[in-house]
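1. need coordinates for the following:
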Amino acid sequence: MSTPEAPHSAPAPGVSIRRTRAKGEPRFPDGPKADPAGSHFERRIRSFQPRRSRVTAGQADALQRLWPVWGFDIDGSGPLDLGAFFGNGNPVVLEIGFGMGEATAAMAAADPGTNVLAVDVHTPGQGNLLNLAERQGLANIRVGNGDAIILLREMLTPDSLDGLRVYFPDPWPKKRHHKRRLIQPEFLTLAAARLRPGAVVHCATDWEPYAEQMLEVLTAHPAFENTQADGGFAPRPEFRPLTRFEAQGLDKGHVVNDLLFRRVPHQERTGHRTEE
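-> All right, here's what the predicted structure looks like:
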């Protein structure tokens with residue numbers, strides 16, 4: 001004679017039960033996709049590597065609730081109408097790689113007349129930035145998920161951007177990985193085609209060899225000119241907040257270099273039309 005099974009006990013108040021996702025089930029059904037562009041575009045060496053890390057309950061909630069409102073997947077499906085996307089005709093700055101989003105939110109709050117198109121592949125950071133935007137009422141932020149190269153090439157139109165920010169990109173320190181670094185001549189040519197004349201490219205890094213490479217390739221590119229009269233690095237501008245990551249690096253003796261280069265009109269710098 002078999003004994004009856006004991007009834008399942010209910011969880012104690014305040015204790016959540018973690019549900020296991022079925023195979024193939026999206027992590028956030030209404031949130032960012034794992035690989036938005038899929039295999040629709042050519043294979044190439046990427047400058048980023050998605051990181052799998054824990055998403056907090058608050059970040060997960062933000063991804064579910066706010067992604068349909070302020071988030072978008074970079075799928076290369078067609079040009080974005082930035083005016084309709086933000087609901088105004090304000091200038092748009094693209095930020096590539098925003099980490100956890102604290103600096104992005106602070107800059108957006110300090111300059112509400114500028115729209116920020118913030119792109120990253122780090123899911124916890126996406127959720128955190130959405131949380132910050134909601135709490136601070138920042139209607140001038142949109143969060144993109146995916147490859148910034150596809151965004152620039154397939155989804156943004158010529159002269160649609162008023163600035164580009166690349167703060168503390170992966171330095172890929174090993175020599176064999178230098179080809180993965182984002183700031184390369186080909187990337188700058190693509191970015192130049194999307195930046196209005198006068199738009200500023202602002203880079204910052206605490207990896208000195210990468211800073212020297214950035215300075216070299218930006219100085220050599222005919223579409224950009226250094227805003228510094230001496231042709232060197234710029235002091236950290238007041239509008240770029242000091243991040244926790246940066247402060248930790250400074251405490252360890254790291255040297256942080258900023259670079260600010262301006263997009264020149266097509267015929268200004270060399271006296272002939274640049275190839276773009």
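
2. sheet partners, orientation included, of the helix or strand Ala118 falls within?
-> Counting by DSSP states H and E, the element that carries Ala118 is strand 115-120. When pairing is defined by DSSP bridges, strand 115-120 lines up against strand 92-96 (parallel), strand 141-145 (parallel).

3. got a list of contacts for it?
-> Outside of strand 115-120, the residues within contact range by CB atoms under 8 Å, 6 or more residues apart in numbering are 74, 82, 86, 88, 90-99, 101, 104, 107-108, 126, 129, 140-146, 148, 151, 161. In short, each C-beta sits where N, CA and C put it, glycine included.

4. what's the PyMOL line that selects buried ones from these?
-> Applying 16 or more other CB atoms under 10 Å to those leaves a buried subset, and the PyMOL line that selects it is:
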select buried, resi 74+82+86+90+91+92+93+94+95+96+97+98+99+101+104+107+108+126+129+140+141+142+143+144+145+146+148+151+161
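
5. quick one, longest strand in the chain?
-> The longest strand of the chain (DSSP state E) is strand 195-205.

6. any idea which helix or strand comes after that one?
-> Past strand 195-205, the next helix or strand by DSSP H and E is helix 208-220.

7. tell me the mean pLDDT for the following helix or strand past that next one?
-> Stepping forward along the backbone from helix 208-220, the first helix or strand reached (DSSP H and E) is strand 224-226. Strand 224-226 shows an average pLDDT of 98 in the prediction.

8. which secondary structure elements does strand 224-226 contact?
-> Judged by 3 or more CB pairs under 8 Å, 6 or more residues apart in numbering; DSSP states H and E, the packing partners of strand 224-226 are helix 208-220, strand 257-263.

9. mind showing which ranges of the stretch 151-276 of the chain have poor pLDDT?
-> Per-residue confidence of the stretch 151-276 of the chain (counting by pLDDT under 70) places the weak regions at 177, 267-276.

10. now with 90, please.
-> By pLDDT under 90, the weakly predicted segments of the stretch 151-276 of the chain are 171-180, 243-250, 252, 254, 266-276.

11. wait, which of the strands paired with strand 115-120 is closest to Lys179?
-> Go through the strands paired with strand 115-120 one by one with CB to CB and the one that ends up closest to Lys179 is strand 92-96, at 17.6 Å.

12. can you give me the neighbour number for Pro158?
-> Applying the criterion other CB atoms under 10 Å, we find 11 residues in the vicinity of Pro158.

13. for my notes, confirm it occurs in a strand.
-> No. Residue assignment for Pro158, taken from DSSP: H, G, I helix; E, B strand; the rest coil, gives coil, which places it outside any strand.

14. which residues touch Pro158?
-> Contacts for Pro158 were tallied using CB under 8 Å, 6+ apart; they are 193-194.

15. 10 Å instead?
-> By CB atoms under 10 Å, 6 or more residues apart in numbering, the contact list for Pro158 reads 192-196, 276.

16. most neighbours, which of the residues you listed?
-> Of all those, the highest neighbour tally under other CB under 10 Å goes to Leu195, namely 26 neighbours.

17. who does that one form a beta bridge with?
-> In this structure, Leu195 has beta-bridge partners Leu161, where bridges are defined by DSSP bridges.

18. quick one, helices of the protein?
-> 57-70, 82-86, 102-110, 123-136, 148-150, 185-194, 208-220, 244-251 (DSSP state H).

19. Leu260 is nearest to which of the ones you listed?
-> Each of those was scored for nearness to Leu260 using CB to CB, and the closest is helix 208-220 (9.5 Å).

20. and that closest one, how far out from the chain's middle?
-> Remark: helix 208-220 is offset 20 Å from the chain centroid, using CA atoms, centre = their mean, to the nearest Å.

21. just give me the neighbour total for the nearest residue to Val92 once chain neighbours are set aside.
-> Nearest-residue entry for Val92: Asn115, 4.5 Å, with adjacent residues in sequence omitted and distances by CB to CB, 6 or more residues apart in numbering. The criterion is other CB under 10 Å. On that basis, Asn115 has 24 neighbouring residues.

22. what about the closest residue in space to Pro171 that isn't next to it in sequence, distance to Leu94?
-> Closest residue to Pro171 apart from its sequence neighbours, by CB to CB, 6+ apart: Trp207 at 3.6 Å. In this view, Trp207 and Leu94 are 22 Å apart by CB to CB, to the nearest Å.

23. all good on my end, thank you.
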